[in-house]
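1. Quick one, what's the 3D model for this:
(chains A, B and C)
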Amino acid sequence: MIEWSKSQIHAFRKTLLDWYDVHGRQLPWRRDHDPYHVWVSEIMLQQTQVNTVIPYYERFMAQFPTVQDLANAPEAKLMKAWEGLGYYSRARNLQRAARQIENEHNGQWPQTAKGLQELAGIGPYTAGAIASIAFNEPVPAVDGNAFRVFARLLEIDLDIVKPQTRLVFERVIGRIMSPERPGDFNQAVMDLGASYMTAKNPDSAHSPVKAFNQAYLDGVEERYPVKSKKPKPVKVAYYGLVIQQDKRFLMQKRPSAGLLANFWTFPLIAEDDVLALSETPELVTDEERLTLLERLVQQELGLAVHVVPMGGKPVKHTFTHRQWLISLLSATVKPDADLSFFPGKWLTSDELEKTALPKVQEKLFTRIYQLGKP
DNA sequence: AAGACGTGGCT
DNA sequence: TAGCCAAGTCT
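-> Numbering: from 1, shown residues only, chains lettered A, B, ... in the order given. This is a model prediction of the structure:
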């Protein structure tokens, strides 16, 4: 890692802010410095690209114009507004934080990064972003852009995946950032990271700060930032039960914690759970699997079903840490089936449209319509 | 500390 | 295609 002199730091600030003043992006959440606007945009932008966020942000603000509107919003309406954005705990934490502000802070925002971090879903990055942009506090906002930009500028070779590395970057950036325009400085770093100093195919030759970019000057830009590899998603095979009567589907409500918490999906049965019913899983034939599956559904869900494969390759859906492979089965239950042990209910297409559904469930619907079953 | 937690774009 | 990446936080 290299270090800059005071004069270099001053020159860098001026170069970066002069560039930002002319070329900074005009984005919907940059129309003002309202903390609510900054906050909602920052939460949406976590692990999500700007172009994806823009339409969600506009719709969200139309539906929930103020913190109070958000605090009082029905859960279903909130989730519908977030549908498709992913990382759904962000939406639930958003509302929790809105209620914290209303109930614990008399509707007033904490105005420091330290205070903001007490709110649900606000970590060190988001706290720094809101504090600097909305309240002009001179604190760094270290996101993936800041890691990448400063790792290259200063040839910092610490692994950015390790939590302690953030502290080093915060210290370094805290010394470099403009005390007069902290919000603009942090946003300029993000714009730089999203334009010239991108992760793939950077264009540092034309970057306004190329003279400060040590990794570029040394021809080793590709090495930065140092980032250890994450494990591959684990494959998990499921049977998906398509159970319909009239124009309704029998849907299951997922547990209140974990992946896709509280969302409605077709009943999903792990293939491993089915095979576990056999003493010789490796010898089970396809036909026997279905018999075992029917037994398991009876035991675990209290449903007497008869299943028939719907054909086609399993529907594949990849999350950050799991890859689901879902084989669809058309299932029938008795018309007077006892649903008292079943964690779900019949949903009409009308109700389904008003309900937030995860992408994987939309994929399953797409598949069954392609198969022409309904 | 390391894994959980979604989705879409790009190569 | 499979894999990586995109304005992280929580446990």
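
2. Can you get me a residue count around the closest residue to residue A:135 other than its chain neighbours?
-> Nearest-residue entry for residue A:135: residue A:111, 4.5 Å, with adjacent residues in sequence omitted and distances by Cβ to Cβ, 6 or more residues apart in numbering. All C-beta atoms are positioned from the backbone trio N, CA, C, and that covers glycine. Neighbours of residue A:111 under the rule other Cβ atoms under 10 Å: 15.

3. near DNA strand B, which residues of the stretch 101-250 of chain A show up?
-> A:162-164, A:200-201, A:231 (Cβ under 7 Å from any atom of the strand).

4. What is the biggest helix by length in chain A packed up against?
-> With secondary structure taken from DSSP state H, chain A has its longest helix at helix A:6-23. When contacts are defined as 3 or more Cβ pairs under 8 Å, 6 or more residues apart in numbering; DSSP states H and E, helix A:6-23 packs onto helix A:163-176, helix A:182-194.

5. Can you tell me what sits against stretch A:176-187?
-> A:4, A:9, A:12-13, A:16-17, A:20-21, A:24, A:30, A:33, A:128-129, A:132-134, A:136-141, A:146, A:150 (Cβ atoms under 8 Å, 6 or more residues apart in numbering).

6. Give me the buried subset of the residues you listed.
-> Among those, those classed as buried by 16 or more other Cβ atoms under 10 Å are A:4, A:9, A:12-13, A:16-17, A:20, A:24, A:128-129, A:132-134, A:137-141, A:146, A:150.

7. thought residue A:132 was touching residue A:142?
-> No: counting by Cβ atoms under 8 Å, residue A:132 stays clear of residue A:142, with 11.2 Å between them.

8. possible to save the residues of the stretch 101-250 of chain A next to DNA strand B as a markdown table with neighbour count?
-> Below are these laid out as a markdown table (neighbours: other Cβ atoms under 10 Å):
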| residue | neighbour count |
| --- | --- |
| A:162 | 12 |
| A:163 | 8 |
| A:164 | 8 |
| A:200 | 4 |
| A:201 | 5 |
| A:231 | 6 |
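
9. Ramachandran angles for the residue most central in space within chain A?
-> Geometric centre of chain A, nearest residue: residue A:87, 3.4 Å, by Cα atoms, centre = their mean. Backbone torsions of residue A:87, given as degrees, to the nearest 10, read phi 40, psi 60.

10. same thing with residue A:309?
-> phi -60, psi 140.

11. mind checking how far it is from residue A:327?
-> From residue A:309 across to residue A:327, the span is 7 Å (Cβ to Cβ, to the nearest Å).

12. same deal with residue A:95?
-> Counting by Cβ to Cβ, the gap from residue A:95 to residue A:327 is 36 Å.

13. check which helix or strand covers residue A:307.
-> strand A:305-309 (DSSP states H and E).

14. That strand: what's the following helix or strand?
-> Beyond strand A:305-309 toward the C-terminal end (DSSP H and E), the next one is strand A:315-318.

15. which residue does chain A bring closest to DNA strand B?
-> For chain A, the residue closest to DNA strand B is residue A:86, as judged by Cβ to the nearest atom of the strand, at 2.5 Å.

16. What is the neighbour count of residue A:255?
-> Counted with other Cβ under 10 Å, residue A:255 comes out at 12.

17. My read is that it contacts residue A:268, right?
-> No: if you go by Cβ under 8 Å, residue A:255 and residue A:268 don't touch, sitting 11.6 Å apart.
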